[in-house]
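S.K.: here is my input, please return the structure:
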Amino acid sequence: MKQYDVAIIGAGVTGTSILYTLKKYTDVKDILLIEKYDKIAKVQSARTNNSQTLHIGDIESHYTLKTSTSVKKAASYVASYVDTHQGLHRNTPKMLLAVGQEEVERLKLWYEERKELFPYMRLIQREEIAKIEPKIVEGRDQGIPLLAIYTEQGYAIDYGKLSESFVKESQSEDILLNTKVLTIKKQNDYYTIKTNKKIIHAKVVVVAVSGHSLYFAHQLGYAKNLILLPIAGSFFNGPNYLKGKVYTMQNPKLPFAAVHGDPDVMNKNINRFGPIPKVIPMIERFNYNSIIDFLKLFRFRIDAILSLIKIVSDPTYYRYVLWNMTYDIPYFGKYAFAKEIRKIIPSVKGSELRYGKGIGGIRPQIVDVNTKTVEMGKAKIIGDRIIFNITPSPGASVCLNNAKIDVQHITKFLGKEFDEGKFNKDLVWKY
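M.R.: Numbering: from 1, shown residues only. Have a look, this model is predicted:
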């Protein structure tokens, strides 16, 4: 039976970027990509399941300066890649909007801290906002202060197509579709992967299946102190009011993006408004079988229950999460959510909105049952010749940087070479 050097489980943008990096920049030969569905990127990386935004740290108001700096560097690899590969993205203006005096003052400070890091961003007043995005100002009380930072250098990316591009560029023939991994077991110097079709042996394994990665980590005895708080994000579709992406100032206490609106990457005639975060007991959106996997992770342990109670009992959380549930109520939901959208477009009507059926993925938030806190940004578990990628936001935006880190570990595991200099040279971003 053939033994692979590396088996990558999961053909979303995380797994395929690792395949691409291994094939193009290392001397690792035998690499297998395993995907349970019939196509590449059908879950989190599908264009219907994410915001289609390249998060680079310039409009994410909840980021610290340190986070903005690191995310800019990490996301620049994807920006460079899509700039040199046609059909993966559309250049889209983007704006971070502050409404009211408190937000305006906060945005001024935020901008002053970052204007050298993001020299292409401009601070713009009400008059210029009205010229660029007239619907933001139309019908708004003149007494409410407005301020925004703006750039024309935004990226709207189809991460599904990006995943397909990584596979195409890797020129890999060892890809198994419709192949579901059931168990992973460690032998002496290799891993045995049992699937619904065959048994696979590999020296190194990379698990890149979002929240399910933690499920497999537990299976192998890793990170038993971690559980998932699955946050689903839904969207409403509305008229084409906005020319570019418009984000609003985020509540720093919440690990969810504030309401934003943007043109759909594949359909310029509609805008998407959201997200509508809510906690649901599923690892994979719209896959009800994943409820069982979530329960296996959760196992109704006392420490897990107490952790979730502590997190959700924070008044900021429970008011937010409970109120968001009303947006899913048929007919009533769109009228309730229209009030949120009016922060961006004051004239929007509930009757103009349509609930985005089948739109929105799950962002797995990691909870440490020892500290009973959400571990913001924790996304990777490194084991003995095995890596688990859980990839919360901004996972897709930084997928090539994540691949770079994983490939550093993989080549070290195998005693192989990684041409990191060529990787960095090929993926230089001009901004």
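S.K.: any idea which helix is longest in the chain?
M.R.: helix 65-83 (DSSP state H).
S.K.: contacts for the helix or strand just after that helix next, please.
M.R.: The first helix or strand that comes after helix 65-83 along the chain, using DSSP states H and E, is strand 89-91. Under the contact criterion CB atoms under 8 Å, 6 or more residues apart in numbering, strand 89-91 has outside partners 54, 82, 152-158, 265. To be clear about C-beta, it is placed using only N, CA and C from the backbone, and glycine gets the same treatment.
S.K.: residue contacts, Ser213?
M.R.: 10, 207, 381, 388-391.
S.K.: ok but it is inside a helix, no?
M.R.: Yes - under DSSP: H, G, I helix; E, B strand; the rest coil, Ser213 falls within a helix.
S.K.: ranges for the helices of the chain?
M.R.: Counting by DSSP H, the helices of the chain are 13-25, 65-83, 101-114, 126-132, 134-137, 159-170, 212-219, 290-298, 302-312, 315-325, 332-341, 399-414, 420-426.
S.K.: can I get the first one in CSV, CA atoms only?
M.R.: Output of helix 13-25 as CSV, limited to C-alpha atoms (Å, rounded to 0.1, in the frame of the first residue of the first chain):
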residue,chain,number,x,y,z
VAL,A,13,-9.1,27.5,0.9
THR,A,14,-7.0,26.4,3.9
GLY,A,15,-6.3,22.9,2.6
THR,A,16,-5.8,23.9,-1.0
SER,A,17,-3.4,26.7,-0.1
ILE,A,18,-1.3,24.2,1.8
LEU,A,19,-1.3,21.9,-1.2
TYR,A,20,-0.3,24.7,-3.5
THR,A,21,2.6,25.9,-1.3
LEU,A,22,3.9,22.3,-0.8
LYS,A,23,3.8,21.6,-4.5
LYS,A,24,5.3,24.9,-5.7
TYR,A,25,7.9,25.7,-3.0
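S.K.: and it, how far out from the chain middle?
M.R.: 18 Å (CA atoms, centre = their mean, to the nearest Å).
S.K.: by how many degrees do it and helix 65-83 diverge?
M.R.: 70 degrees (axes from the mean of the first three to the mean of the last three CA atoms, to 10 degrees).
S.K.: could you do the third one as well?
M.R.: Orientation of helix 101-114 against helix 65-83 (the same axes, to 10 degrees) gives an angle of 70 degrees.
S.K.: what's helix 101-114 packed up against?
M.R.: On a contact count with 3 or more CB pairs under 8 Å, 6 or more residues apart in numbering; DSSP states H and E, helix 101-114 meets helix 65-83, strand 94-99, strand 146-151.
S.K.: same question, the fifth one
M.R.: Using 3+ CB pairs under 8 Å, 6+ apart as the contact definition, the elements that helix 134-137 packs against are helix 126-132.
S.K.: which of the residues in the helix it packs on are buried?
M.R.: 126, 129-130, 132 (16 or more other CB atoms under 10 Å).
S.K.: could I get the residues you listed as CSV with distance to Arg301 and pLDDT?
M.R.: Converted to CSV, the buried residues of helix 126-132 look like this (distance: CB to CB, whole Å; pLDDT from 0 to 100):
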residue, distance to Arg301, pLDDT
Arg126, 52, 97
Ile129, 50, 98
Ala130, 54, 98
Ile132, 51, 98
